[in-house]
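In: Make a model of this:
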Amino acid sequence: MKQRCFWVTDSKLYQDYHDKEWGEPVYDDETLFEFLILETFQAGVSWITILNKRENFRKAFDNFDYQKIAKYQENKFNELMQNAGIIRNKLKIRSAITNAQLFIEIQKEFGSFSKFLWTYVDNKPIINTFKSREEVPATSKISDKLSKDLKKRGFKFTGSTIMYAYMQAVGMVNDHTTDCFKYPN
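Out: I've put the predicted structure just below:
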C-alpha cells in the first residue's frame, strides 16, 4: 500500500487528487485559473467538499473559462446563486467574476498569469522536507507577499493561507512529506 501525505483520506477522489495533481507544477493559465477559483471557494470549507463539487463548478463556470467569466452579468450571477451544485456564497461568486477580470489584466501586463506567478519562486518549485503535519505551515513569506500583491490589484479571497494552499496545489511549493511516495528523492 502506498504511503501518502497525512491529510489524504480513504476517498478515491482525494487519493487521485493527491497522486496526480497536488504538488505537480502547473504552468498553463487555464489550469492556474481553475485552481484559483477552487481555492477561493474553499475558504471556510474542506478541500474534499470542493473536490466533490469540482465538476459542478466546471459546468457552472463555463469550464473555468476566465474570458467568459470576466463578462458575467447579473443574470448569470443570479443563475449561479440558484445552483445547488456549487457553493452559493454571493461574495465568492462575485469574487470569481472580479478575479477573472483581474487575471486578464495580469496576463496583459506580464504576457501570462503563469509568468507573473512563478516569479515568486524564481520559476522553480520549492521542495520542502517536512516529516510531519506539525511542520507544514499554513502560510509563508512568499504566500504573504503574493497575497499582498494580489489584494493590492483588487483580487478577493486571496489571503495568505489561501495563497499558500494554492501554491501547494499548483506545485510552486512541494509539501509532500518525506514519508510520502510522491516526495521527490
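
In: Alpha carbons of the longest helix seen in the chain, in CSV - could you do that?
Out: The helix spanning the most residues in the chain, taking DSSP state H as the definition, is helix 90-110. Output of helix 90-110 as CSV, limited to C-alpha atoms (Å, rounded to 0.1, in the frame of the first residue of the first chain):
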residue,chain,number,x,y,z
LYS,A,90,-22.5,35.7,-3.1
LEU,A,91,-19.2,37.2,-2.1
LYS,A,92,-17.3,34.2,-3.5
ILE,A,93,-19.3,34.2,-6.8
ARG,A,94,-18.7,37.9,-7.2
SER,A,95,-15.0,37.4,-6.5
ALA,A,96,-14.8,34.8,-9.2
ILE,A,97,-16.0,37.4,-11.7
THR,A,98,-13.7,40.1,-10.4
ASN,A,99,-10.7,37.8,-10.2
ALA,A,100,-11.3,36.7,-13.8
GLN,A,101,-11.2,40.3,-14.9
LEU,A,102,-8.0,40.9,-12.9
PHE,A,103,-6.5,37.7,-14.1
ILE,A,104,-6.8,39.0,-17.7
GLU,A,105,-5.2,42.3,-16.6
ILE,A,106,-2.2,40.4,-15.2
GLN,A,107,-1.9,38.5,-18.5
LYS,A,108,-1.8,41.7,-20.4
GLU,A,109,0.9,43.1,-18.1
PHE,A,110,3.1,40.0,-17.9
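
In: Look at the residue lying closest to S95 once chain neighbours are set aside and give its secondary structure.
Out: Closest residue to S95 apart from its sequence neighbours, by Cβ to Cβ, 6 or more residues apart in numbering: K156 at 3.5 Å. In short, each C-beta sits where N, CA and C put it, glycine included. Classification of K156 by DSSP: H, G, I helix; E, B strand; the rest coil places it in coil.

In: Hmm, K156 is touching T40, no?
Out: Yes: K156 sits in contact with T40 when judged by Cβ atoms under 8 Å, with a separation of 7.2 Å.

In: Neighbour count: these two, which is higher?
Out: Applying other Cβ atoms under 10 Å to K156 and T40 shows that T40 carries more neighbours, namely 22 against 18.

In: follow-up on the earlier one: the longest helix of the chain: what's the following helix or strand?
Out: Moving toward the C-terminus from helix 90-110, the next helix or strand (DSSP states H and E) is helix 113-118.
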